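[1] Quick one, fold the following:
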Amino acid sequence: MAKKLNISRINELKNNAYDNIESYNDPDTPKALEQFTTQIKKILLADPTMLASVPEYLPVALFGRVKFPSDAKLKWAHWINTSTQPEWDEFKITIGFNNADLPLVLAVRAYSETLLIESCAVLYLLENQGKAAPVTNHNDEDDDDDYIGHSDDDEEDEEEEGYYDHYDDEDR
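    Predicted structure coming up:
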């Protein structure tokens, strides 16, 4: 059974993270945010349990350093719109962490996988703030129709051999 994303918590984290980010975005000190995130990453890596009291620090620490591939944005929009927390295997293929941040990401995952996923939802929302949500060309009822008459030898299956994710239907 899929877990639910706590959207009000995510929005609160987003607002708190945004306030922190904005407080360091000063034209007079252009490196302030970078310096702060460098320091906070070291602190969180040493003690991820600190996130229990300041969970907004993780999205701040990872702000601007996480990539959402264009095909994954539909999945993120769907998860947020339906308040569905993705399973780890779904989550990990929809996000690109900076290699330098991997030790922190792994430490946070060991502490709280849910917090890591929530923080990435915050980053997705911050990145897409003010932009229209991605839309599909068909609704969920039509997803099965896309594969009628298709066999395993079809061109679509050759695209990524051995990989199938039902969310791919939304990308097409």
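[2] Buried residues of the top helix by length along the chain, list them for me.
    Taking DSSP state H as the criterion, the chain has its longest helix at helix 7-24. Buried positions in helix 7-24, judged by neighbour count with 16 or more other CB atoms under 10 Å: 10, 13, 14, 16, 17, 18, 20, 21, 24. Where you see a C-beta, it was placed from the backbone N, CA and C, and this is true even at glycine.
[3] can you count the residues close to residue 43?
    Residue 43: 13 surrounding residues under other CB atoms under 10 Å.
[4] My guess is residue 103 contacts residue 44. True?
    No - Residue 103 lies out of contact with residue 44 (CB atoms under 8 Å); the separation is 10.2 Å.
[5] distance of the closest residue to residue 58 other than its chain neighbours from residue 75?
    In space, and not counting its chain neighbours, residue 58 is closest to residue 119: 4.2 Å by CB to CB, 6 or more residues apart in numbering. Here the criterion is CB to CB, to the nearest Å. By it, residue 119 lies 17 Å from residue 75.
[6] sorry, back to before: with the buried residues of helix 7-24 in mind, which one is nearest to residue 86?
    residue 10 (13.1 Å; CB to CB).
[7] Return the distance of that closest one relative to residue 94.
    According to CB to CB, residue 10 and residue 94 sit 16 Å apart.
[8] Point me to the helix or strand that includes the most centrally placed residue in the chain.
    Nearest to the mean C-alpha position of the chain, counting by CA atoms, centre = their mean, stands residue 120 at 3.4 Å. Per DSSP states H and E: residue 120 is located in helix 113-127.
[9] Next, the buried residues of that helix.
    Buried, per 16+ other CB under 10 Å, within helix 113-127: 115, 116, 117, 118, 119, 120, 121, 122, 123, 124, 125, 126.
[10] could these go into JSON lines alongside distance to residue 84 and pLDDT?
    Output for the buried residues of helix 113-127, formatted as JSON lines (distance: CB to CB, whole Å; pLDDT from 0 to 100):
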{"residue": "115", "distance to residue 84": "17", "pLDDT": "98"}
{"residue": "116", "distance to residue 84": "16", "pLDDT": "98"}
{"residue": "117", "distance to residue 84": "11", "pLDDT": "98"}
{"residue": "118", "distance to residue 84": "12", "pLDDT": "98"}
{"residue": "119", "distance to residue 84": "16", "pLDDT": "98"}
{"residue": "120", "distance to residue 84": "14", "pLDDT": "98"}
{"residue": "121", "distance to residue 84": "11", "pLDDT": "98"}
{"residue": "122", "distance to residue 84": "16", "pLDDT": "98"}
{"residue": "123", "distance to residue 84": "17", "pLDDT": "97"}
{"residue": "124", "distance to residue 84": "13", "pLDDT": "97"}
{"residue": "125", "distance to residue 84": "15", "pLDDT": "97"}
{"residue": "126", "distance to residue 84": "20", "pLDDT": "96"}
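[11] Many thanks, we can stop here.
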